[in-house]
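A.B. asks: My questions concern the predicted model and sequence given below.
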Amino acid sequence: MNAPTTDSITALVHGFYADVRADPLLGPVFEDALRDHWESHLARMVDFWSTVVLGSKSFSGNVFAKHMALQGVTPAHFAAWVRLWGQHTERLFAPEVARELQLVAHGIARNLFRGYFGTLPAFDSTEKEAHSGH
């Protein structure tokens, strides 16, 4: 696929979260948080990524506050999430689209990681390089 569409964003979100649920590290954290709310979460994630990529403006909410309430999150969870996201975006989209999706995801992960741990994540080399001269 080349240009993102609502269908390709939906496929990305559903495929990605199917792997998240099956992941031995990520699955338990997400199951504990979402339990029987997976369908509504998936719909919100489709709205979120459609807003980001397609400019659909269908998402509103406080991403940071929701995620800060999760228990048991470690740096390894972030690394696993970013790795899976990279695999799914690269499989479904042209390289430049996949890269855009990854940059947005890394920005979100960076903010959440800083909120949890007070430092920048290891996967975020661009942020470190940008601030190394200060």
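C.D. replies: On my side now, so go ahead. Just so we're clear, the structure is a prediction, and the values are computed from it rather than from any experiment.

A.B. asks: which residues touch the one residue sitting closest to the centre of the chain?
C.D. replies: With distances taken as CA atoms, centre = their mean, the residue of the chain nearest its centroid is A105 (4.7 Å). By CB atoms under 8 Å, 6 or more residues apart in numbering, the contact set of A105 is 82, 85, 89. (Glycine included, C-beta is placed from N, CA and C.)

A.B. asks: Can you tell me which of those residues is nearest R99?
C.D. replies: Proximity of the contacts of A105 to R99 was ranked by CB to CB; the top entry is T89 with 8.2 Å.

A.B. asks: pretty sure the closest one contacts H106?
C.D. replies: No: in this structure T89 lies outside contact range of H106 using CB atoms under 8 Å: 11.1 Å.

A.B. asks: In this structure, where's the longest helix?
C.D. replies: helix 95-117 (DSSP state H).

A.B. asks: now that one: how far from the chain's centre is it?
C.D. replies: Put simply, helix 95-117 sits 7 Å off its chain's centre (CA atoms, centre = their mean, to the nearest Å).

A.B. asks: So for it, mean pLDDT?
C.D. replies: Averaged across helix 95-117, pLDDT comes to 92.

A.B. asks: what does stretch 29-48 give?
C.D. replies: Per-residue pLDDT over stretch 29-48 has a mean of 92.

A.B. asks: With adjacent residues omitted, what lies nearest to V63?
C.D. replies: Take V63 and drop its neighbours on the chain: the residue closest to it by CB to CB, 6 or more residues apart in numbering is I108, 6.6 Å away.

A.B. asks: Q87 versus the one you found, what's the distance?
C.D. replies: Relative to Q87, I108 is positioned 17 Å away (CB to CB, to the nearest Å).

A.B. asks: Dump the C-alpha coordinates for the longest helix of the chain into CSV.
C.D. replies: Extracted C-alpha coordinates of helix 95-117, given in CSV (Å, rounded to 0.1, in the frame of the first residue of the first chain):
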residue,chain,number,x,y,z
PRO,A,95,8.7,3.7,3.5
GLU,A,96,8.0,7.4,3.8
VAL,A,97,4.5,6.8,5.2
ALA,A,98,5.9,4.2,7.6
ARG,A,99,8.6,6.6,8.8
GLU,A,100,6.0,9.3,9.5
LEU,A,101,3.9,6.9,11.5
GLN,A,102,7.0,5.8,13.4
LEU,A,103,8.0,9.4,14.1
VAL,A,104,4.6,10.2,15.6
ALA,A,105,4.6,7.0,17.7
HIS,A,106,8.1,7.7,18.9
GLY,A,107,7.1,11.2,20.0
ILE,A,108,4.1,9.8,21.9
ALA,A,109,6.3,7.1,23.5
ARG,A,110,9.0,9.6,24.3
ASN,A,111,6.5,11.8,26.2
LEU,A,112,5.0,8.8,28.1
PHE,A,113,8.5,7.4,28.8
ARG,A,114,9.6,10.7,30.3
GLY,A,115,6.4,10.8,32.3
TYR,A,116,7.0,7.4,33.8
PHE,A,117,10.8,7.4,34.3
